[in-house]
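Novice: What would the 3D arrangement of this be:
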Amino acid sequence: MAGLIPQNFIDDLISRSDIVEVINARVPLKRKGKEYTACCPFHNEKTPSFTVSESKQFYYCFGCHAKGNVIGFLMDYEHLSYVDAIESLAADQHLDVPHEEDSRSHQQRQEKQPLYDILKQASDLFQQQLKTSQRAIDYLKQRGLSGEIARQFKIGYAPEGWDFLVSHLGKSKDHLQALQKTGLVVINDNNKTYDRFRDRIIFPITDQRGRIIGFGGRILDQGEPKYLNSPENAVFHKGYELYGLYETKQALRKIDRIIVVEGYMDVVALAQHGINYAVASLGTATTTEQIQKTFRTTHEIIFCYDGDNAGKKAAWRALENTLSVIRDGMVAKFLFLPEKEDPDTMVRKEGKDAFEQRIKNATTLSEFLFENLKAESDISSKEGKALLASKANKLIQKMHNSLFKDLLIEELSSLVGLSQQHLESRISSADEANRPVSKTIKPVRGQLVQNNKTRIAIALLLQNPSLASHYKVPNNFQNAFTKGLPLLYELQKTIDSNPEISPAALLERFRDSEHEKALNILSMLQTPETDNTDNIKEVYKNLIERLHYDDRDEYFNYKINNNEQLTAEEQKEYLELCTK
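Specialist: Residues are numbered from 1 along each chain as shown. This is a model prediction of the structure:
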């Protein structure tokens, strides 16, 4: 159960989402008959055993048993919590996630809502101040920014002075506490409060729902620090957020690529020139979490840095973090600008077309990787080749199993003169050494076709919930003698209360229950019975009738064999069974 998120919203979200589309955006799928296949993203394999069913909206791996619906896939693939997976899926559908209130969620909301409120009020004040400060307006005009772009990004101005926000928003104790918790005001050693942002252009930072969670401030004149950010707090976690991502999603329905830059002004300047797919990493090296979030939005990332040593180092850190995230179908490139240039200055000098040509000609991840490794090693010598191979192995072993990984190993093989097989074995052995010890995984393909009637009936109802309205499961299945029939009754009851429920949403209802594992397997079960779509109602009806007969027969035989007395009603039922 989701707890804070209404179940009917989750059902609707799953029904709106196409698991094939969601998975294919992350793991390229190939159609095979009625289903789609790929090499499993959750374990190393050469032969595809990962299956996605479009009709059932489930996935299953016959090798490692990974299985589930679209929410489960996002949780496992992107290492998201249950709620985060729902938030991510809802964001793709442009839906806000509603929340039910319980005591705990109410308390959390009470703690966070004042912070969102005070941040919104501060942003409104900063925007008002921009309109009244000719100096700030002139500064933005000198940077080539229009009033329209300033409104789009809610750019504001924090005036000079030490107590602007305190005097306007901190008049009550609660408001002052909220200002302190968000870091908008600071308490000094003498217990005096003062504004963090003073005489700065203000760039509001928003989350994926468009709520303001923090600010970046850019000084107008010379001085340090040039940029100043909000500190981390209950609603703002710098390593997870990207400036401009929400605005990009608002501007573009389909996002083919995203360019990651370093500064707020870079994002805004690019948008001013029509390049409205830029985000900034909030003054930090681009983190794994930020890269994952970006790849959830697009399949191509261009990291843009200054061409000096600092820029190259930042790019290398981004490359290292990307390797642990990138999979087939994803593209990462690196764009290095001339020294002492940034996207802001460059796009103003060259214009949109020239800058986008630079993006088009950006260095691929593989080129950047091997160019750097070759620069650090003398590959004319065996020692240099060994050094290059050793460094490359450490990087490549970070990667998930993919065709891209295979191609990097192939290129490394060509560079150092070692066979691909030899390099793969080295990388695999390093992977094994770093992997937690686990039990050997045995394929279950053969087991799935050897099912009893109960498993087949459960699979039929799980994969085709509409069957519940055509033939009802008997009420005595609730306390049936035969294992599995009470679960069949639970499925029937769940569908009765939600007649339009989809197979994937039905499966979701049993998350974290004792039945989750079995239902995940049965959701992808294929037998002659489950494939008999033309006569599926009759097949299901016959199965239920047979199961009912067998269960009652087993029950009576048990009582008779144990010398237990049958009631008059049971005796009558038993005689009827014997005549069938």
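
Novice: Residue for residue, what is the longest helix this structure has?
Specialist: Counting residues, the longest helix found in the chain (DSSP state H) is helix 103-132.

Novice: got the buried residues for the next helix-or-strand element following that helix?
Specialist: Using DSSP states H and E, the helix or strand that follows helix 103-132 in sequence is helix 134-142. Residues of helix 134-142 classed as buried: 136-137, 139-140 (neighbour count, 16 or more other CB atoms under 10 Å). Every residue, glycine included, has its C-beta placed from N, CA and C.

Novice: ditto for stretch 64-82
Specialist: By neighbour count on 16+ other CB under 10 Å, the buried set for stretch 64-82 is 64-78, 80, 82.

Novice: Please convert the buried residues of helix 134-142 to CSV, extending it with pLDDT and distance to residue 368.
Specialist: Shown next, in CSV, are the buried residues of helix 134-142 (pLDDT from 0 to 100; distance: CB to CB, whole Å):
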residue, pLDDT, distance to residue 368
136, 96, 39
137, 97, 40
139, 96, 36
140, 97, 34
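
Novice: Show me the buried residues of stretch 64-82 that map onto helices.
Specialist: Among the buried residues of stretch 64-82, DSSP H puts 70-77, 82 in helices.

Novice: quick one on the thing from earlier: what is the longest helix of the chain packed up against?
Specialist: Using 3 or more CB pairs under 8 Å, 6 or more residues apart in numbering; DSSP states H and E, the elements in contact with helix 103-132 are helix 134-142, strand 156-158, helix 164-169, helix 173-181, strand 200-206, strand 212-219.

Novice: Next one: the closest residue to residue 247 other than its chain neighbours from residue 123, what distance?
Specialist: Excluding the flanking residues, the one nearest residue 247 by CB to CB, 6 or more residues apart in numbering is residue 153, at 6.2 Å. Using CB to CB, to the nearest Å, residue 153 is found at 11 Å from residue 123.

Novice: Then residue 44?
Specialist: Going from residue 44 to residue 123 by CB to CB gives 48 Å.

Novice: Kindly report the same for residue 380.
Specialist: In terms of CB to CB, residue 380 sits 59 Å off from residue 123.

Novice: Between those two, which is the more surrounded one?
Specialist: Higher neighbour count among residue 380 and residue 123: residue 123, with 19 against 8, using other CB atoms under 10 Å.

Novice: residues contacting the more buried one?
Specialist: For residue 123, the contacting residues are 154, 156, 202, 204, 212, 215, by CB atoms under 8 Å, 6 or more residues apart in numbering.

Novice: Recalculate using a threshold of 6 Å.
Specialist: 154, 204, 212 (CB atoms under 6 Å, 6 or more residues apart in numbering).

Novice: May I have the beta-bridge partners of the last one?
Specialist: Same thing as residue 212. Beta bridges link residue 212 to residue 206 when assigned by DSSP bridges.

Novice: That one against residue 204, yeah?
Specialist: Yes: if you go by CB atoms under 6 Å, residue 212 and residue 204 touch, sitting 4.8 Å apart.

Novice: returning to what we had before: mean confidence for the longest helix of the chain?
Specialist: Average pLDDT, helix 103-132: 85.

Novice: Need the per-residue pLDDT for residue 376.
Specialist: The model reports residue 376 with a pLDDT of 89.

Novice: what's the burial count for it?
Specialist: Residue 376 has 11 nearby residues by other CB under 10 Å.

Novice: give me every residue that touches it.
Specialist: Residue 376 neighbours (CB under 6 Å, 6+ apart): none.

Novice: Next, format the ones in helices among the buried residues of stretch 64-82 as TSV and append pLDDT and distance to residue 347.
Specialist: Listed next are those as TSV, based on pLDDT from 0 to 100; distance: CB to CB, whole Å:
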residue	pLDDT	distance to residue 347
70	93	38
71	91	40
72	90	42
73	92	38
74	89	35
75	83	39
76	80	40
77	81	35
82	80	41
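
Novice: how about these, which pair is most distant?
Specialist: Farthest pair in these (CB to CB) is 77 and 82. Separation: 13.8 Å.

Novice: Would you list the phi and psi of the residue nearest to residue 247?
Specialist: Backbone torsions for residue 153, taken as degrees, to the nearest 10, come to phi -100, psi 10.

Novice: Quick check: it vs residue 466, distance?
Specialist: Counting by CB to CB, the gap from residue 153 to residue 466 is 49 Å.

Novice: If you count surrounding residues, which of the two has more?
Specialist: Neighbours were counted for residue 153 and for residue 466 using other CB under 10 Å; residue 153 has more, 19 against 14.

Novice: Tell me the predicted confidence for residue 1.
Specialist: Residue 1 is assigned 37 on the pLDDT scale.

Novice: Likewise for residue 373?
Specialist: Reported pLDDT for residue 373: 94.

Novice: With residue 225 instead?
Specialist: Predicted confidence (pLDDT) for residue 225: 87.

Novice: That one: which element?
Specialist: For residue 225, there is no host helix or strand (DSSP H and E).

Novice: With residue 186 instead?
Specialist: Counting by DSSP H and E, the element that carries residue 186 is strand 185-187.

Novice: residues of that strand that come out buried?
Specialist: For strand 185-187, a neighbour-count test (16+ other CB under 10 Å) marks residue 185 as buried.

Novice: tell me the domain boundaries of the chain?
Specialist: Annotated domains of the chain cover 7-92, 103-236, 245-369, 376-434, 447-579 [automatic domain parsing].

Novice: returning to that earlier point: so can I have a markdown table of the helices and strands packed on helix 103-132 showing distance to residue 390?
Specialist: Below are the helices and strands packed on helix 103-132 laid out as a markdown table (distance: least, CB to CB, whole Å):
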| stretch | distance to residue 390 |
| --- | --- |
| helix 134-142 | 50 |
| strand 156-158 | 51 |
| helix 164-169 | 54 |
| helix 173-181 | 48 |
| strand 200-206 | 41 |
| strand 212-219 | 40 |
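
Novice: I'd like the distance from the one residue sitting closest to the centre of the chain to residue 294, if you could.
Specialist: The residue lying closest to the centre of the chain (CA atoms, centre = their mean) is residue 78, at 4.8 Å. Using CB to CB, we find residue 78 at a distance of 12 Å from residue 294.
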